[in-house]
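[1] Mind folding the following:
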Amino acid sequence: MARVGEFQELVLMAIIVLQDEAHGNEIQRELEDRLKERISVGAVQTALKRMEQKGLVTSEWGEATQKRGGKRKRIYAATPYAHQVLRDMKDVRIGFWEAIANLGTSHG
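    Modelled structure (predicted):
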């Protein structure tokens, strides 16, 4: 089973939630809103680059907008492989939580 680190997992989920708006700044904002902490755009860009190299995300240039001073933004999308990796990781996490719940309160 392929795995990604926690931060990459969160970035992938943000990309899926944001859909056509999944560009660096918007991904950063989504993570900050959900995690309630500051995230550097550099950390997001590094994760995106590594995940693109692993075949987890693809990217393409969006249209230039006045809002961005005529600059284009790179839009990211999760690949089917990324969706499978996320499902596999969710299953592992659920298995752990079920095992913890089965221990009951007598162990800690």
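
[2] So which elements touch the host helix or strand of Asp88?
    Using DSSP states H and E, Asp88 maps to helix 80-103. The contact analysis (3 or more Cβ pairs under 8 Å, 6 or more residues apart in numbering; DSSP states H and E) places helix 80-103 against helix 6-18. For every residue, glycine as well, the C-beta is placed using N, CA and C.

[3] pLDDT on the helix it packs on, on average?
    Mean pLDDT, helix 6-18: 97.

[4] and the angle from that helix to helix 80-103?
    If you take axes from the mean of the first three to the mean of the last three Cα atoms, to 10 degrees, helix 6-18 sits at 120 degrees to helix 80-103.

[5] any idea how far Ile94 is from Arg38?
    Using Cβ to Cβ, to the nearest Å, one gets 30 Å for the distance from Ile94 to Arg38.

[6] Correct me if wrong, but Tyr76 is in a strand.
    Yes - according to DSSP: H, G, I helix; E, B strand; the rest coil, Tyr76 belongs to a strand.

[7] That one bridge partners, please.
    Ser59 (DSSP bridges).

[8] what sits against it?
    15, 22-23, 27, 48, 52, 57-59 (Cβ atoms under 8 Å, 6 or more residues apart in numbering).

[9] one more time with 7 Å
    By Cβ atoms under 7 Å, 6 or more residues apart in numbering, the contact list for Tyr76 reads 15, 22-23, 48, 57, 59.
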